[in-house]
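Engineer: Sharing a model prediction with you, sequence too.
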Protein chains: 2
Amino acid sequence: MEGQNISDIIEQYLKSILSDSEHVEIRRSEIANLFDVVPSQINYVIKTRFTIQNGYLVESKRGGGGYIRIERVNLLDDVDVLNTLISVIGDEISERDAVSIIQTLYDEDVVSRREADLMAVMVSKQTLALTDRQVADVLRAHVLVSLLNRLRYES
Amino acid sequence: MEGQNISDIIEQYLKSILSDSEHVEIRRSEIANLFDVVPSQINYVIKTRFTIQNGYLVESKRGGGGYIRIERVNLLDDVDVLNTLISVIGDEISERDAVSIIQTLYDEDVVSRREADLMAVMVSKQTLALTDRQVADVLRAHVLVSLLNRLRYES
DNA sequence: CATTCTTTGACTAATGTTGACTAACATTAT
DNA sequence: ATAATGTTAGTCAACATTAGTCAAAGAATG
């Protein structure tokens, strides 16, 4: 057990709830009060310990009745393929390279034909209509990584 | 279920009626009284939760015997769903409205669950990480229209 | 020491709530 | 007919209530 700092303690608290139910829904300020920390520390805990790589999905809503919801999801077996491809992408990527990555996904049966087609539309020059080519390449990398991360889990 | 704020509760109330009949017809002040809110809150609920992007049509009449009528529209009955949606999108669109449209596509069986999920990732703020919000909105509209156009052909 | 991780708080953004004012329509009086 | 009055709904901006971001300061680690 590592219970040294308060972030670890909050992490354990949330995970103990998650070991029973599939998800937790919290009010940020309540948890912050409970552990006597500033609200933004909750964001820090979530950002560093409840990532999609670890199998957690987070959604939230602001305003009255706002909340933060953490959900446990089933990670799929394609993790290795996805990690490899993500590391290949880097900070920017051309349309041609993006298409070949999508092709790999299809070859490896990670996505269907139709899903691959949609992804190809998403990374195309025409869709990412930006005057500056490099800006488009950076955005395309971002888009592709987001899509690959989405493929890590089901439902 | 997320139902902490009163707007969500009113939304659920109206949708529970809509799950039985094709439409609801309300007197604004009555609903406002029922949930103990000011009348204009009903407008807020309708404006944020019963848009055409969500698959609802709203009409109303003022004066004596006035009413607000919410109707669920079946977009598949429309001759050209996609054209309708594309015209709704316009030149720019918020993430919220975009998600509504994607949800509608899924509800109407135009796309699968997974395809809808990928599309949702695509239009998310995080994916379209741009400093200027309006630029992101414009790009998001572009992306969505591209995707909808892609859905025209069956492959 | 240098580096990385944690903690904090000021500022920002999103969403929800309220009420004063306006617009549309209906009914009644002239 | 027309005007006056009453009865609805619509708009908009101020205010309230949440969560998110970011960078600086502090603590821990090696």
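Structural biologist: Now that the structure is in, tell me what you want to look at.

Engineer: Enumerate every residue touching the residue of chain A found nearest chain B.
Structural biologist: Closest approach of chain A to chain B (CB to the nearest CB) occurs at residue A:65, with a separation of 3.0 Å. Yep, even glycine has a C-beta here, placed from its N, CA and C like the rest. Each residue near residue A:65 by CB atoms under 8 Å, 6 or more residues apart in numbering or on different chains is listed here: B:2, B:4, B:5, B:6, B:8.

Engineer: could you pick out which of those are near DNA strand C?
Structural biologist: Restricting these to those near DNA strand C by CB under 7 Å from any atom of the strand leaves B:5, B:6, B:8.

Engineer: By neighbours, which of these wins?
Structural biologist: Across those, neighbour numbers were computed from other CB atoms under 10 Å in any protein chain shown; residue B:8 holds the maximum, 17 neighbours.

Engineer: wait, is that residue part of a helix?
Structural biologist: Yes. Residue B:8 forms part of a helix when assessed by DSSP: H, G, I helix; E, B strand; the rest coil.

Engineer: pLDDT for the contacts of residue A:65 - can I get that in a markdown table?
Structural biologist: Shown next, in a markdown table, are the contacts of residue A:65 (pLDDT from 0 to 100):
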| residue | pLDDT |
| --- | --- |
| B:2 | 66 |
| B:4 | 84 |
| B:5 | 97 |
| B:6 | 98 |
| B:8 | 98 |
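
Engineer: what subset of the ones next to DNA strand C among the contacts of residue A:65 is also close to chain A?
Structural biologist: When CB under 8 Å from any CB of the partner chain is taken as the criterion, the members of those that contact chain A are B:5, B:6, B:8.

Engineer: tell me the contacts of the residue nearest the centre of chain A?
Structural biologist: The C-alpha lying nearest the average C-alpha coordinate of chain A belongs to residue A:52 (CA atoms, centre = their mean; 4.6 Å). When contacts are counted by CB under 8 Å, 6+ apart, residue A:52 touches A:73, A:149, A:152, A:153.

Engineer: let's see 7 Å
Structural biologist: Applying CB atoms under 7 Å, 6 or more residues apart in numbering or on different chains, we find residue A:52 in contact with A:149, A:152.

Engineer: So which elements touch the top helix by length along chain A?
Structural biologist: Secondary structure assigned by DSSP state H gives helix A:133-150 as the longest helix of chain A. Packing partners of helix A:133-150 (3 or more CB pairs under 7 Å, 6 or more residues apart in numbering or on different chains; DSSP states H and E): helix A:79-89, helix A:95-107, helix A:113-123, helix B:113-123.

Engineer: need these in TSV with distance to DNA strand C, mean neighbour count and mean pLDDT, can you?
Structural biologist: Supplementary listing: the helices and strands packed on helix A:133-150 in TSV, determined by distance: least, CB to the nearest atom of the strand, whole Å; neighbours: other CB atoms under 10 Å in any protein chain shown; pLDDT from 0 to 100:
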stretch	distance to DNA strand C	mean neighbour count	mean pLDDT
helix A:79-89	18	14	87
helix A:95-107	27	17	93
helix A:113-123	21	20	93
helix B:113-123	13	20	94
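
Engineer: out of the ones you listed, nearest to residue B:13?
Structural biologist: Among these, helix B:113-123 comes nearest to residue B:13, with 26.2 Å by CB to CB.

Engineer: which strands and helices sit next to the closest one?
Structural biologist: Helix B:113-123 is packed against helix A:113-123, helix A:133-150, helix B:95-107, helix B:133-150, with contacts defined by 3+ CB pairs under 7 Å, 6+ apart.

Engineer: shaky segments in chain A?
Structural biologist: Scanning chain A with the threshold set as pLDDT under 70 gives A:1-3.

Engineer: So which residues on it come close to DNA strand C?
Structural biologist: For chain A, the residues in contact with DNA strand C (CB under 7 Å from any atom of the strand) are A:5-8, A:37-38, A:40-41, A:44, A:48, A:61-66.

Engineer: Right, I'll leave it there.
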